[in-house]
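**Student:** Next come a sequence and a model predicted from it.
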Amino acid sequence: MVIDEEHAYRVCAARDARFDGCFIHAVRTTGIYCRPSCPAVTPKRRNSQFFLTAAAAQSAGFRACRRCLPDAVPGSPEWNLRADLAGRAMRLISDGVVERDGVTGLASRLGYSERHLTRVLTSELAPGRWPWPALTARTPHDC
């Protein structure tokens, strides 16, 4: 399979997740390879190189991006860290962690800041599934 590099570059600039797994985007100046949907700043076109597989990028001397984890297997928790974090948070919320420890306790148990956890839940959950209003109505001090 041949990669149309101009099309691949436009996909990377748009951060289109539909193309994750189809090709790998490598950056010559940093020596890093990424998924097409990586949130990092899009490099200049002349610094971009494209490969069909992560193994091909590694053999060319590039290392995996620590931000988008292009070596992760589709469907694994590492493939979609935000959805995995939201799922773990919702399980802990249903187990009563927020009622006992508050949102700060939930965030620390998950290993993230309260602000980042709120940002992830806001982006990952449908508007009707937002957990905070029902949970913050009753605080641990009310018990």
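**Tutor:** Here it is on my side, so go on. Residues are numbered from 1 along each chain as shown.

**Student:** CA only for contacts and neighbour counts going forward, please
**Tutor:** Fine.

**Student:** any idea how the chain splits into domains?
**Tutor:** 5-64, 81-142 (automatic domain parsing).

**Student:** how far out from the middle of the chain is the last one?
**Tutor:** In this view, domain 81-142 has its centroid 18 Å away from the chain centroid, taken as CA atoms, centre = their mean, to the nearest Å.

**Student:** list the contacts for residue 36?
**Tutor:** Residue 36 makes contact with 8, 11, 12, 15, 16, 17, 19, 20, 23, 24, 25, according to CA atoms under 8 Å, 6 or more residues apart in numbering.

**Student:** Scan those residues and report the most crowded one.
**Tutor:** Neighbour counts for those peak at residue 25, which has 27 neighbours (criterion: other CA atoms under 10 Å).

**Student:** Tell me which strands the one helix or strand it maps to pairs with, and in which orientation.
**Tutor:** Residue 25 belongs to strand 24-27 when elements are defined using DSSP states H and E. Looking at strand 24-27 with DSSP bridges, its partner strands are strand 32-34 (antiparallel), strand 48-51 (antiparallel).

**Student:** okay if I get those strands as JSON lines plus distance to residue 123, mean pLDDT and mean neighbour count?
**Tutor:** Listed next are these as JSON lines, based on distance: least, CA to CA, whole Å; pLDDT from 0 to 100; neighbours: other CA atoms under 10 Å:
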{"stretch": "strand 32-34", "distance to residue 123": "22", "mean pLDDT": "96", "mean neighbour count": "25"}
{"stretch": "strand 48-51", "distance to residue 123": "30", "mean pLDDT": "95", "mean neighbour count": "18"}
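
**Student:** Rebuild the ones you listed as JSON lines, extending it with distance to residue 58.
**Tutor:** Listed next are the strands paired with strand 24-27 as JSON lines, based on distance: least, CA to CA, whole Å:
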{"stretch": "strand 32-34", "distance to residue 58": "8"}
{"stretch": "strand 48-51", "distance to residue 58": "10"}
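
**Student:** Nearest to residue 82, out of the ones you listed?
**Tutor:** With respect to residue 82, and counting by CA to CA, the nearest of these is strand 32-34 at 17.0 Å.

**Student:** tell me how far the closest one is from the chain's mean position?
**Tutor:** Distance, centroid of strand 32-34 to centroid of chain: 15 Å (CA atoms, centre = their mean).
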